[in-house]
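S.K.: pasting the structure only:
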Ligand code: GAR
């Protein structure tokens, strides 16, 4: 099977991007990152991508603040297709993906979310979990659909919420698991190990 090609989109520090790029470098993941795009001009993810020698680009999401639509959406689609990517990986990309991009990459857009979905969708999910009084938090890797953090789940990792946790300490514990989960989920796709039992239910095929 040929190596899968990934376009990584991120708005922030890019630690999840680094976990994927390192897994590829170590030979643990047979994939290639063709481009990294950020909607934030000075996002650290762009700097980190450049250090890996990966084509890194800022593309504004304007005039919208929370979604990619219209001209911006066209530019994202154009650059992603031009890079040769067949999957899009949302690594801390803080905008909603709209139908045109979703359609162009149907069931080929992955997101990592810092909660055990369907609990705590949206932003600052670890803070939501802490404030709610939940005893476990975690992360979810899922395919992206029209909803916010609602697409079919590929895998999840749980962490305990400790009595003395702060938002910062809990997010750090979740991120350790994110950095394991995201490369693992991409590897399952690269090795063709996922099977849709229903439109929502995905299982891992073990031969
Ligand atoms: C991660 O914790 C990711 O789960 C979260 O943003 C952080 C990005 O960190 N994503 C979302 O909240 C998406 N709704 P990173 O830039 O260091 O990878």
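M.R.: In hand now; what should we look at? All of these numbers come straight from a predicted model, not from anything done at the bench.
S.K.: Run a quick neighbour tally on residue 187.
M.R.: Counted by other CB atoms under 10 Å, the residues lying close to residue 187 total 17. In short, each C-beta sits where N, CA and C put it, glycine included.
S.K.: List the residues that contact it.
M.R.: Residues in contact with residue 187 (CB atoms under 8 Å, 6 or more residues apart in numbering) are 23, 28, 29, 30, 193.
S.K.: Cross-check the contact I'm expecting between the second one and residue 186.
M.R.: Read it as residue 28. No - judged on CB atoms under 8 Å, residue 28 makes no contact with residue 186 at a distance of 10.3 Å.
S.K.: what about this structure, any weak spots by pLDDT?
M.R.: Scanning the chain for pLDDT under 70 picks out the ranges 1, 207.
S.K.: if we can go back for a sec, looking at residue 28 and residue 186, which one has more neighbours?
M.R.: Taking neighbours as other CB under 10 Å, residue 28 and residue 186 compare with residue 186 leading, 23 against 12.
S.K.: that's a helix at the more buried one, yeah?
M.R.: Yes - applying DSSP: H, G, I helix; E, B strand; the rest coil, one finds residue 186 inside a helix.
S.K.: That one and the ligand, how far apart?
M.R.: 14 Å (CB to the nearest ligand atom, to the nearest Å).
S.K.: Just give me the closest of the contacts of residue 187 to the ligand.
M.R.: residue 23 (13.8 Å; CB to the nearest ligand atom).
S.K.: For the chain, which residue gets nearest to the ligand?
M.R.: For the chain, CB to the nearest ligand atom, closest residue to the ligand: residue 92, 2.6 Å.
S.K.: What's the local residue count around the residue nearest to residue 55 when sequence neighbours are not counted?
M.R.: Leaving aside its sequence neighbours, residue 55 sits nearest to residue 35 (CB to CB, 6 or more residues apart in numbering; 4.9 Å). The number of residues packed near residue 35 is 21, by other CB under 10 Å.
S.K.: who does residue 35 bridge with?
M.R.: residue 7 (DSSP bridges).
S.K.: Now do the strands in the protein.
M.R.: 4-9, 31-38, 56-58, 67-68, 87-90, 96-97, 109-113, 136-143, 153-160, 194-196, 202-204 (DSSP state E).
S.K.: so what secondary structure elements neighbour the fifth one?
M.R.: Okay, so that is strand 87-90. Packing partners of strand 87-90 (3 or more CB pairs under 8 Å, 6 or more residues apart in numbering; DSSP states H and E): strand 4-9, strand 109-113, helix 167-190.
S.K.: Reformat the contacts of residue 187 as a markdown table; add distance to residue 106.
M.R.: Formatted as a markdown table, these follow (distance: CB to CB, whole Å):
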| residue | distance to residue 106 |
| --- | --- |
| 23 | 25 |
| 28 | 28 |
| 29 | 23 |
| 30 | 23 |
| 193 | 19 |
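S.K.: Quick check: residues of the chain near the ligand?
M.R.: 10, 12-16, 91-92, 112-114, 175, 178 (CB under 6 Å from any ligand atom).
S.K.: wait, what's in contact with residue 94?
M.R.: Residues in contact with residue 94 (CB under 8 Å, 6+ apart) are 11, 12, 39, 66, 123.
S.K.: Buried ones from the residues you listed, can you make that a PyMOL selection?
M.R.: The following PyMOL line selects those of the contacts of residue 94 that are buried, judged by 16 or more other CB atoms under 10 Å:
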select buried, resi 11+12+39
